[in-house]
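>>> Just need the structure, nothing else, for what follows:
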Amino acid sequence: MMWLHGLTAKAAAIAFVAMAAAPAWVAEDPDRIFDKSTVWRPLTPNDKLVVYGIDDPEVAGVACHYTQPEKGGIRGSLGLAEDVSDISLACRQVGPVSFKGKDKLRQGEVVFSERRSLIFKSMQIVRGCDVKRNTLIYMVYSDKVIQGSPKNSTSTVPLMPWGTEPPPKCGDFFKE
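Down below sits the predicted model:
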């Protein structure tokens, strides 16, 4: 039984290191747009699908919306339920696109991140650039300290003219 205690201590240490090394929340808190109940619970909150909106913190003119399930019940209302990894994503150009930072962006850079369980699981939205097609690519996925999830969703934003200005070339703003 002593080996079990050692294993638990190692798992806690790994979780602590992973949380400390995790990127800071890059984007502001997401805007909660609306929710829809999926499972009715008589005395506790229902399970829901919730739609959120975020703006890309480094690329003006691009917004993403994602839908994620939220557990209800007693565990969900106390923040102890681990949310599932089923998250959908849609990103669009909502204005003239401009890149905000002076430094070049990295492929796969985190745009937004949030915890999906008390300790071990997080959801991340990352960004990349398809230089050939001048298209920004956004991917949402969830991961765990020990084992990630293959469930993911991808959305693309082809950079288009807005008004009379030509669109920027995303490849000019990403590291190779």
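>>> any idea which helix or strand of the chain has the worst average confidence?
Lowest by mean pLDDT, DSSP states H and E among the helices and strands of the chain is helix 2-21, with a mean of 41.
>>> continuing past it, what's the next helix or strand?
Sequence-wise, the next helix or strand downstream of helix 2-21 (DSSP states H and E) is strand 31-39.
>>> CA-only coordinates of that next one in PDB, if you can.
Coordinates of the C-alpha atoms in strand 31-39 are reproduced here as PDB (Å, rounded to 0.1, in the frame of the first residue of the first chain):
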ATOM      1  CA  ASP A  31     -18.500  36.200 -23.000                       C
ATOM      2  CA  ARG A  32     -21.300  33.800 -22.100                       C
ATOM      3  CA  ILE A  33     -23.800  34.200 -25.000                       C
ATOM      4  CA  PHE A  34     -26.500  31.600 -24.100                       C
ATOM      5  CA  ASP A  35     -27.100  28.100 -22.800                       C
ATOM      6  CA  LYS A  36     -29.500  25.300 -23.400                       C
ATOM      7  CA  SER A  37     -30.400  22.600 -20.900                       C
ATOM      8  CA  THR A  38     -29.800  19.000 -22.000                       C
ATOM      9  CA  VAL A  39     -30.500  17.000 -18.800                       C
END
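>>> quick one: contacts of it?
Strand 31-39 has contacts (Cβ atoms under 8 Å, 6 or more residues apart in numbering) with 46-54, 65, 69-70, 72. Where you see a C-beta, it was placed from the backbone N, CA and C, and this is true even at glycine.
>>> Can I have the buried ones of those as a PyMOL selection?
Buried residues among the contacts of strand 31-39 (16 or more other Cβ atoms under 10 Å), as a PyMOL selection:
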select buried, resi 46+47+48+51+52+54+65+69+70+72
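>>> Just name the closest of the contacts of strand 31-39 to L89, please.
Proximity of the contacts of strand 31-39 to L89 (Cβ to Cβ) peaks at H65, which lies at 7.6 Å.
>>> The chain: helices as residue ranges?
2-21, 73-77 (DSSP state H).
>>> residue boundaries of the strands in the protein?
For the chain, applying DSSP state E gives strands covering 31-39, 47-55, 59-70, 88-99, 109-115, 121-130, 135-144, 152-158.
>>> Could you work out which of these reaches nearest to C170?
Comparing those by Cβ to Cβ, strand 121-130 comes nearest, at 3.9 Å.
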